[in-house]
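**Q** What follows is a predicted structure for the sequence shown.
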Amino acid sequence: MNRKVRGMVFTIISALLFGVTPILASMTYDMGSNANTLTFYRNLMVVPVLLVIMLIKKTPLRVPWKELLFLLAVSVLFSVSTTYMLYESYNYVGVGTAQTIHFLYPVVTALLCRFLFRERLGRWKLAALIAASAGMLFFLDGGGSMIGIILAVASAVTYGCYLTSMDKSSLRSMNPNKVACYMGLFNACAMLLMDIPMQKINFFLPPLAMLYTFILAIGTSFLAVALLQLGIRDLGASTAAVFCMFEPVSSVLSGWLFLHEAMTWQKALGCVIILGGVTMMVLSDLRNQRRTEALGEPQRYVRKEVEAGAPQAAVQVSTEMAAPVETAGEEAGEASGAVSAEELGGKLGGNG
């Protein structure tokens, strides 16, 4: 499995896991949970599981203090804030409206990568983003207050910043289990501090609600987060954001299958449009992959000649043949290297 296909699979599975969690969340809400409680336990419960896994795999827990501080900032400013604001927006607008607005984050991610990091989008990626965003409009259910809309928009912006941070910093190469563990710990502590004046966390949920919450925590804060990081590592943030659009599709379908929610023609059409946009992205990436592989043959020929001690003139001719490899594909302009925490903080803070 090549890198692009692997990244697509990881990101799609992550999106599917994130998409089915509203079912368990709605069940726990009926048992006394709420946005604060779910956000707290979703992050806390995954920490001991990840610690055990890292101890078994002998993964070092140590993180350089600069990266640790940057990880703390990403967790508090972009990760836990996204979850809390999205869950809280459900109290002011319909879930469908809140989810629709939240899924503006692929557009936010693409804009951040384009204007802060000069990453080329390409016409196929741009078309896929437009198609997927248009498909989301079919999920709007109307109604609600301006507070809920602002919270949903803010969650889209913070999640876009989160995806960009995971791609354009040293976190991209960090062990996924280590990232998820520290993020879970930081997010849980942040929710505890936030709850001091609010007093909304319910520490005495029924056993069944705790079981559902544990399943949700493992599915999202462990598996989905780790798979998303691996997908971003292989695809880049802006491309991975397109494949994250499987999340609303899986959310609608799971709600229809398990909660017996109505499947209207508008929702069905929205799913088809989103899947069409994602399909465009897949076909474009596969085409670019085949083109790159085809142009890469002369490059391999150069290496064989050098290893065999071919004359210098022959090597120079073959090198000229291999030159187009560097510009093959529409995604050649994408930024692939990680930047330091300080540089990324400056760009996201508006100092770039």
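**A** Nice, I can see it.

**Q** In stretch 198-217, which residues are buried?
**A** 201-202, 205, 209-210, 212-214, 216-217 (16 or more other Cβ atoms under 10 Å). To be clear about C-beta, it is placed using only N, CA and C from the backbone, and glycine gets the same treatment.

**Q** Inside helices: which ones of those?
**A** The members of those that map onto helices under DSSP state H are 209-210, 212-214, 216-217.

**Q** Make CSV from the buried residues of stretch 198-217 and add pLDDT and distance to Thr21 to it.
**A** Below are these laid out as CSV (pLDDT from 0 to 100; distance: Cβ to Cβ, whole Å):
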residue, pLDDT, distance to Thr21
Ile201, 92, 19
Asn202, 92, 18
Leu205, 92, 16
Ala209, 93, 14
Met210, 94, 16
Tyr212, 93, 10
Thr213, 93, 10
Phe214, 94, 12
Leu216, 90, 5
Ala217, 91, 10
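
**Q** and which of those is nearest to Ile130?
**A** Leu216 (32.1 Å; Cβ to Cβ).

**Q** hang on, the closest one packs against Pro22?
**A** No: if you go by Cβ atoms under 8 Å, Leu216 and Pro22 don't touch, sitting 9.6 Å apart.

**Q** sorry, back to before: and the ones in helices among the buried residues of stretch 198-217, which two are the farthest apart?
**A** Among these, Ala209 and Ala217 lie farthest apart (Cβ to Cβ), at 12.4 Å.

**Q** how about the nearest residue to Gly135, chain neighbours excluded?
**A** Closest residue to Gly135 apart from its sequence neighbours, by Cβ to Cβ, 6 or more residues apart in numbering: Ile273 at 3.3 Å.

**Q** State the distance from the one you found to Ser250.
**A** 15 Å (Cβ to Cβ, to the nearest Å).

**Q** Val47 now?
**A** Note on Val47: its distance to Ser250, by Cβ to Cβ, is 26 Å.

**Q** Mind putting the buried residues of stretch 198-217 into TSV with distance to Ile13?
**A** Below are the buried residues of stretch 198-217 laid out as TSV (distance: Cβ to Cβ, whole Å):
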residue	distance to Ile13
Ile201	30
Asn202	31
Leu205	28
Ala209	26
Met210	25
Tyr212	21
Thr213	21
Phe214	20
Leu216	16
Ala217	17
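
**Q** what's the closest of those residues to Pro106?
**A** Using Cβ to Cβ, the buried residues of stretch 198-217 come closest to Pro106 at Leu216, 23.3 Å.

**Q** Alright, that wraps it up for me.
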